[in-house]
Structure formats: structure tokens, C-alpha cells
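Trainee: sequence first, predicted model second:
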Amino acid sequence: MRPDRRAGLGQGGANRHPGRGLVRSRGAGGLSGRRDLRRRRGSRGGAAVTAPVLEVRDLTVRYGHVTALEDVSLTVGTGEVVAVVGPNGAGKTTLLRTMSGLVKPASGGISIAGRDVVGLPAYRVARAGLAHVPEGRGTVAPLTVEDNLRLGALSENTRETDRRIAGMYEVFPALGRLKRRRAGLLSGGEQQMLVVARGLMSQPSLLAIDEPSMGLAPIMVRELVGMLRRAAETGVGVLIVEQNLALATQLADRALILVRGTVRASGSRGELPADLLEEFLA
Ligand SMILES: Nc1ncnc2c1ncn2[C@@H]1O[C@H](COP(=O)(O)OP(=O)(O)OP(=O)(O)O)[C@@H](O)[C@H]1O
């Protein structure tokens, strides 16, 4: 286990499955962030180097006198899944809300797809390449599955949106079968799949999800692992914040343990044995 911050450089899962799934169905519109990343890939000692899709540097966030995050640093690479694990009040939601531009940090930096986003309003952070799926899912209940997906496209171009929807049905065939069903009638797991797909509709560089396993039965948690892996295989970086250790360690390439606003440990599945994680979360 590596002690503390600068949790890896996110090269491990970079671009392992180019050309698969969504990538195949992409039109001219929304891939610019990722194309830029590929252009920036260079050579360091002969190995391919990919710029991270997320870089958080020494981030400190305060709510009045409460310090919610202190000097937190992390990276997520292209196609990599990183989990931030921590008990209640650790600062997990604050991290996502700060990345999204909903909370202003006291200090530190956040780059998405190489662009500094601190100080930008949430809609511009979304355009820079972040899709934030907040806790509680938030589908639009009276709309069909397909119309919920349409909302996520952030695009006026109907043909392009239709292409992306078709790509989603390739990656998540269950959504294709449910496309005319109202979102409010879906099960918890189906809704979770819908919000993940809706996040991907904007063709983000990074999908950030708050507590994706909340309220899901164990069998649906297993489904969720597969679903988020498929999302990563499309080339998107995935950041999840979780209290569910089993999910975090199964799913993520790397996990960070956040306790009272600071990163206590980080590492890959093998480097973070469950009993040690339990100790941090006790
Ligand atoms: N708007 C706010 N004003 C004041 N304090 C806040 C605010 N939001 C969060 N906090 C405090 O900041 C700390 C981090 O909260 P945060 O919600 O980010 O933690 P969390 O890890 O997401 O917790 P949980 O798993 O319970 O959702 C907590 O001490 C919390 O009480």
C-alpha cells in the first residue's frame, strides 16, 4: 500500500479497448476532449503516457470552520476506474461537488481532460468533460428511458443524439428493451443503469458517480460492477465514491481511503486488503 496522496498516475487502464462499444458509434461532435488526450500521449522511457482525465491537486475545501477536504490529490486515467472509499462524513460527496463546480475550494487545483476547471460554473465543467451522477439517481420519472437518455446528450443535433442512443443500447442492451418504459417504473438497478448511460450520453472524459450501490440488492450490485466496467471499456475514466467496500475493491483499478477529509491510503485491489480497509472504516 502506498501511504497517502498522489495516488498513482492512472496509466494502468489507459485506453485498453479503443474502438469498442460507444467509441464505434460516436459522431463528429463530442469526442474532442478524448481526442486531445490521445494527441497528448507521448513517450516516457519508451512507454505510452496518457494524460489523466482527472487530476485533483492538493484540494482543500471548507464549509465555514469545518474542513471537509484537506490537501487531497488523486488522478484518474482514460479507461480507468478509481474508487474513493470512506465512512460517513469523510468528504466523498464534497469531492464530487467541488469537482462539478457546485462547491468552491479554499485551495488546490482540479483539471478535467487537461483543462483547469476551478471557478467554472457547473455547466461549463460538464462541457469540459465531466458527467456527475449524484447520489439518489434522479431519473425524470414521467419520461421514457429513451427520452431520459436524450436529455443527457447536451446536444441539439438529433441525428447525433440518435447515434449515441444506439451506442448506449449496444453497451447496455437491457435499456434497449426498456426504451419505451417510463423511468419512474424501472427497478432500482435499471434506474442506476439509466443514469450511468445518461451520464455517458454527453460523451464525457470522466464519469463521476456518488454511491452507485446505494439501495441496490446484492445481485444488482454485481450487475453494477459489470455495467461500470463496460462504461470504462468505452474509454471513459470512472470515479466512484462508495461506502461499499466489496464493490469498491471488486470494481476499481485503484482505491483511495478517505477519512475525515484526508487520503489515508491508496492502491490497487491487491494492495488494499479488505481487512485493512475495514480498519480504516471502523
Ligand atoms: N453544506 C455544508 N455545510 C457545512 N458542513 C457540511 C456541508 N456539507 C457537508 N458538510 C460537512 O463536511 C464533511 C464532509 O461531508 P460529505 O457529505 O462530503 O461526506 P461524505 O463522505 O459524502 O458522507 P456521507 O457518506 O455520509 O454522504 C462532514 O463533516 C459534513 O458534515
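Mentor: Received, thanks.

Trainee: kindly export the longest helix anywhere in the chain (C-alpha atoms) in CSV.
Mentor: Scanning the chain for the longest helix, with DSSP state H as the assignment, gives helix 218-233. What follows is helix 218-233, C-alpha atoms only, in CSV (Å, rounded to 0.1, in the frame of the first residue of the first chain):
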residue,chain,number,x,y,z
PRO,A,218,-26.5,-7.7,-3.8
ILE,A,219,-27.4,-9.2,-7.2
MET,A,220,-27.8,-5.7,-8.6
VAL,A,221,-24.5,-4.6,-7.1
ARG,A,222,-22.9,-7.4,-9.2
GLU,A,223,-24.7,-6.1,-12.3
LEU,A,224,-23.5,-2.6,-11.4
VAL,A,225,-19.8,-3.8,-11.4
GLY,A,226,-20.3,-5.2,-14.9
MET,A,227,-22.0,-2.0,-16.1
LEU,A,228,-19.4,0.3,-14.8
ARG,A,229,-16.6,-1.9,-16.2
ARG,A,230,-18.3,-1.7,-19.6
ALA,A,231,-18.5,2.1,-19.3
ALA,A,232,-14.8,2.2,-18.6
GLU,A,233,-14.1,-0.1,-21.6
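
Trainee: quick one, helices of this protein?
Mentor: In the chain, the helices defined using DSSP H lie at 22-25, 32-40, 92-99, 122-128, 145-152, 158-171, 173-177, 188-200, 218-233, 245-251, 274-281.

Trainee: near the ligand, which residues of this protein?
Mentor: Tyr63, Val66, Ala68, Gly86, Asn88, Gly89, Ala90, Gly91, Lys92, Thr93, Thr94, Gln243 (C-beta under 6 Å from any ligand atom). Any C-beta I mention is one placed from the backbone N, CA and C, and that applies to glycine too.

Trainee: does Ser73 really touch Leu59, like I thought?
Mentor: Yes - counting by C-beta atoms under 8 Å, Ser73 sits close enough to Leu59 to count as a contact (7.1 Å).

Trainee: quick one: which of the two has more around it?
Mentor: Neighbour totals were compared for Ser73 and Leu59, and Leu59 leads with 25 against 18 (other C-beta atoms under 10 Å).

Trainee: in this structure the more buried one contacts Leu69, no?
Mentor: Yes - the pair Leu59 / Leu69 is scored as a contact, 5.5 Å apart, by C-beta under 8 Å.

Trainee: what touches both of those two?
Mentor: Between them, Leu59 and Leu69 share these contacting residues under C-beta atoms under 8 Å, 6 or more residues apart in numbering: Leu95, Thr98, Pro105.

Trainee: show me what contacts the first one?
Mentor: Meaning Leu95. Contacts of Leu95 by C-beta under 8 Å, 6+ apart are Val56, Leu59, Val61, Leu69, Val72, Val84, Val241, Leu258.

Trainee: out of the residues you listed, which are buried?
Mentor: Neighbour-count burial (16 or more other C-beta atoms under 10 Å) applied to the contacts of Leu95 gives Val56, Leu59, Val61, Leu69, Val72, Val84, Val241, Leu258.

Trainee: distance to Leu120 added to those residues, as a markdown table?
Mentor: A markdown table is the format used below for the buried ones among the contacts of Leu95 (distance: C-beta to C-beta, whole Å):
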| residue | distance to Leu120 |
| --- | --- |
| Val56 | 15 |
| Leu59 | 15 |
| Val61 | 16 |
| Leu69 | 18 |
| Val72 | 19 |
| Val84 | 22 |
| Val241 | 21 |
| Leu258 | 24 |
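
Trainee: out of the residues you listed, the closest to Gly152 would be?
Mentor: Distance to Gly152, by C-beta to C-beta, is smallest for Val241 among those, at 20.2 Å.

Trainee: the closest one bridge partners, please.
Mentor: Beta-bridge partners for Val241, by DSSP bridges, are Val84, Asp210.

Trainee: show me the contacts for it.
Mentor: Residues in contact with Val241, defined by C-beta under 8 Å, 6+ apart, are Ala83, Val84, Val85, Gly86, Lys92, Thr93, Leu95, Leu96, Ala208, Ile209, Asp210, Glu211.

Trainee: in a markdown table: the helices of the chain, plus mean pLDDT.
Mentor: Compiled in a markdown table, the helices of the chain are given as follows (pLDDT from 0 to 100):
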| stretch | mean pLDDT |
| --- | --- |
| helix 22-25 | 34 |
| helix 32-40 | 33 |
| helix 92-99 | 95 |
| helix 122-128 | 92 |
| helix 145-152 | 93 |
| helix 158-171 | 91 |
| helix 173-177 | 92 |
| helix 188-200 | 88 |
| helix 218-233 | 82 |
| helix 245-251 | 78 |
| helix 274-281 | 62 |
